[in-house]
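**Student:** have a look; sequence and predicted model below, questions after that.
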Amino acid sequence: MKKTLDYEEILRHVEKPGRYIGGEWNEIKKDPRRIKTKIALIFPDLYEVGMSYLGQKILYFILNNQPSVLAERVFSPWVDMEKELRRKKIPLFSLENKIPLSNFDILGFSLLYELNYSNILTILDLGNIPFFSSERDLDLPLIIAGGPAVFNPEPIADIFDLFLVGDGEEAFLEISNQFINLKQDLNEKSEVLKELAGIQGVYVPSLYRSFRSKKSCLLAVKPEDGFPSKIKKRVVFPFHESVFPEKIIVPNIRTIFDRVSVEVARGCPQKCRFCQASNIYFPSRVKNPNFVINKILDSLRATGYEDASLAALSVSDYPYLEETIESLMEILEKQKISLSLPSLRPKGLTSGIVENIVRVRKTGFTLVPEAGTERLRRVINKNLKNSEIWDASKNAF
């Protein structure tokens, strides 16, 4: 009872209490006493940012579909909430059951960009968890990370027990199931990590040593005997009907992308020289158009949203884009539900797509030429002609 009163009291002093109370529509709340594994899905940024991230929605759905697994969300608090937690000496907790971080079996961080690395330290500090992997034993949670930023893990390698490189849908379940079994059989954390290193896509930094190469002024790493010198990333395949959530959580407050968003493709067939994402999510894979249409319609019914979006790195390269939009708008127009698209290659914005998109309400289109001349675009391997940019602009206008 005292803890509940403390929560209520500190929420009176923060700018947006909706970030911390949970209880949203479609939230999955399980009884912690009746499950085998407790996992915290941590996004080291504000609620509004993290609740817009598709990756967490997918993992939340997949993990909670397992009867023996409980997966709950944790976000980085804003400075006002951080101040109150420290003042009251309350550890950072999950949204669903208000479980302190140290009571979870696994803390899974989604790392999308390096600018929020400092929030990792804030979250661990608020959870009363030591920063360094070498300072934690099996009595504390296994701390792992996935997402685009783990393709360069060394700046934060001392913090995490392991990194998952690549797609997480299948690998996260493998890690969680194997970890719980290993904890029962082994007493040493180092032995557990050695076993987990056998899962494809897993990089365990403690099994590698830094050295200075004769050919470079930079430090490199080499593995202990028996461990791979290169980590092969995980790739979900076949992808055309891979698991995707319909009953997504409807946030308490307005988020950055406050709508139903369905992934139509992963990866990108283009080979722009500057693009990190096309390399991280390679190879390019697409969803079945009927699967996409049904997911959008089912999710709209399950959430009550009046906006939908098709998500992809390069949505204009989705081979079924025009027919998917046309089929969706035949239904969405009657319900006054709008459809939007992420940034487009100019060549992909046809008059047919524009006419269908604006059937409910006017919207904006983001065209990405990247450079001002055809010569510069050829240099960066973004092969767009000026005429294609003008045609797309005319269609949008």
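**Tutor:** Yep, that arrived.
**Student:** tell me where the stretch 101-250 of the chain has strands.
**Tutor:** Secondary structure of the stretch 101-250 of the chain, counting by DSSP state E, counting those that start in this stretch: strands at 106-110, 142-146, 162-164, 202-203, 208-212, 219-223.
**Student:** dump those strands to JSON lines, plus mean neighbour count and mean pLDDT.
**Tutor:** Just so you know, the C-beta spots here come from the backbone N, C-alpha and C atoms, and that holds for glycine as well. Putting the strands of the stretch 101-250 of the chain into JSON lines (neighbours: other Cβ atoms under 10 Å; pLDDT from 0 to 100) gives the following:
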{"stretch": "strand 106-110", "mean neighbour count": "24", "mean pLDDT": "97"}
{"stretch": "strand 142-146", "mean neighbour count": "25", "mean pLDDT": "97"}
{"stretch": "strand 162-164", "mean neighbour count": "25", "mean pLDDT": "97"}
{"stretch": "strand 202-203", "mean neighbour count": "23", "mean pLDDT": "96"}
{"stretch": "strand 208-212", "mean neighbour count": "12", "mean pLDDT": "87"}
{"stretch": "strand 219-223", "mean neighbour count": "13", "mean pLDDT": "85"}
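**Student:** out of these, which is closest to Val260?
**Tutor:** With Cβ to Cβ as the criterion, Val260 lies closest to strand 106-110 of these, at 20.1 Å.
**Student:** packing partners for that closest one?
**Tutor:** Using 3 or more Cβ pairs under 8 Å, 6 or more residues apart in numbering; DSSP states H and E as the contact definition, the elements that strand 106-110 packs against are strand 37-43, helix 54-64, strand 142-146, helix 171-185.
**Student:** what lines up beside that strand in the sheet?
**Tutor:** strand 37-43 (parallel), strand 142-146 (parallel) (DSSP bridges).
**Student:** go through those strands and name the closest to Ile253.
**Tutor:** For the strands paired with strand 106-110, the distance to Ile253 is smallest for strand 37-43, at 15.2 Å, taking Cβ to Cβ.
**Student:** can you state the direction angle for that closest one and helix 54-64?
**Tutor:** 170 degrees (axes from the mean of the first three to the mean of the last three Cα atoms, to 10 degrees).
**Student:** kindly export strand 37-43 (C-alpha atoms) in PDB.
**Tutor:** The C-alpha coordinates for strand 37-43 follow below in PDB (Å, rounded to 0.1, in the frame of the first residue of the first chain):
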ATOM      1  CA  THR A  37      10.400 -15.600 -17.200                       C
ATOM      2  CA  LYS A  38      10.100 -11.900 -16.600                       C
ATOM      3  CA  ILE A  39      11.500  -9.600 -19.400                       C
ATOM      4  CA  ALA A  40      11.700  -5.800 -19.400                       C
ATOM      5  CA  LEU A  41      11.600  -4.300 -22.900                       C
ATOM      6  CA  ILE A  42      13.500  -1.000 -22.400                       C
ATOM      7  CA  PHE A  43      13.600   1.900 -24.800                       C
END
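**Student:** relative orientation of that strand and helix 171-185 in degrees?
**Tutor:** Using the same axes, to 10 degrees, the inter-axis angle of strand 37-43 relative to helix 171-185 is 140 degrees.
**Student:** chain center to strand 37-43: distance?
**Tutor:** Here strand 37-43 is found 13 Å from its chain centre; the criterion is Cα atoms, centre = their mean, to the nearest Å.
**Student:** what's the helix or strand following that strand in contact with?
**Tutor:** Beyond strand 37-43 on the C-terminal side, the first helix or strand identified by DSSP states H and E is helix 47-50. Contacts with helix 47-50, where a contact means Cβ atoms under 8 Å, 6 or more residues apart in numbering, come from 16, 18-20, 43, 56, 73, 75-76, 110, 251, 253-256.
**Student:** re the thing from before, so which of the strands of the stretch 101-250 of the chain comes closest to Gln335?
**Tutor:** Between Gln335 and these, the shortest separation by Cβ to Cβ is 32.5 Å, and it involves strand 106-110.
**Student:** okay, the helices and strands packed on strand 106-110 in JSON lines with distance to Pro319 next?
**Tutor:** Formatted as JSON lines, the helices and strands packed on strand 106-110 follow (distance: least, Cβ to Cβ, whole Å):
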{"stretch": "strand 37-43", "distance to Pro319": "32"}
{"stretch": "helix 54-64", "distance to Pro319": "21"}
{"stretch": "strand 142-146", "distance to Pro319": "28"}
{"stretch": "helix 171-185", "distance to Pro319": "28"}
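**Student:** wait, which of the ones you listed is closest to Asp307?
**Tutor:** Taking Cβ to Cβ as the measure, these were each checked against Asp307, and helix 54-64 came out nearest at 15.2 Å.
**Student:** show me what the closest one is packed up against.
**Tutor:** strand 37-43, strand 69-75, strand 106-110, helix 171-185.
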